[in-house]
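**Student:** what shape does this take:
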Amino acid sequence: NDYNFSPDGSEVAYSLNPEFTKATSTNIEIYLAGLTSPTTPKIISTSKGVDCQPVYSPDGKWIAWTSMKRAGFEADKLDLILFDRKTGKTTNLTEDFRNSVSEFIWSPDSKVIYFTAQNEINNSIYKLNVDEKEIKGFHKDNFNTNIHLSKDGKTLFFLKQRSNLPNEVFSLSTDGKNTLKRITLTNEEI
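**Tutor:** Modelled structure (predicted):
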């Protein structure tokens, strides 16, 4: 997920290592390039480490990406960075969160980001309110990946795995009731 198009199709955000000797550099940056009126790409990330996974918010106001602060340290914590396209200001949304952000998605209204992060023996799902910068646990148990939201934002779908269950698709409503529902039974016989 190293590139993403703006909702209006006028711009692309992408990850690229600007260093001449790429084999020894972990400095990956986020660039913006115009598509309708081509411009010289500009760097919008600021860390010396890895910046990747740029994703526009559905309303086009923001770009979020994951970022490591330190150069040359490939096991650094991955934070979630928010870039305001109007002001150019960046905010670290997970600076006080102790775990690394893995994958993330926007809600259709651009008010919430759902993300996964390793948590003890689990790969848990979290819900982040963008305006309040508040992070809450959404679903803790087991190894959860490949998160997707329904078009109306009311249902989160994901793969769940545990020691006695290979990957299967599950869902949770996003209204806070947290009623876990198993969708697929692919491996039920075995």
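**Student:** in the sheet, who's paired with R182?
**Tutor:** F170 (DSSP bridges).
**Student:** list the contacts of it.
**Tutor:** 168-170 (C-beta atoms under 8 Å, 6 or more residues apart in numbering). Every residue, glycine included, has its C-beta placed from N, CA and C.
**Student:** identify, from these, the entry nearest to L159.
**Tutor:** V169 (6.2 Å; C-beta to C-beta).
**Student:** if you rank the contacts of R182 by neighbours, which is first?
**Tutor:** F170 (19 neighbours; other C-beta atoms under 10 Å).
**Student:** wait, L159 sits on L165?
**Tutor:** No - the criterion here is C-beta atoms under 8 Å, and L159 misses it with L165 at 10.5 Å.
**Student:** and the two? Which one has more around it.
**Tutor:** Taking other C-beta under 10 Å, L159 and L165 do not tie; L159 has more neighbours (17 against 14).
**Student:** residues contacting that one?
**Tutor:** Contacts of L159 (C-beta under 8 Å, 6+ apart): 144-146, 167-170.
**Student:** swap in E103?
**Tutor:** Counted by C-beta under 8 Å, 6+ apart, E103 has contacts 1, 53, 115-116, 145-147.
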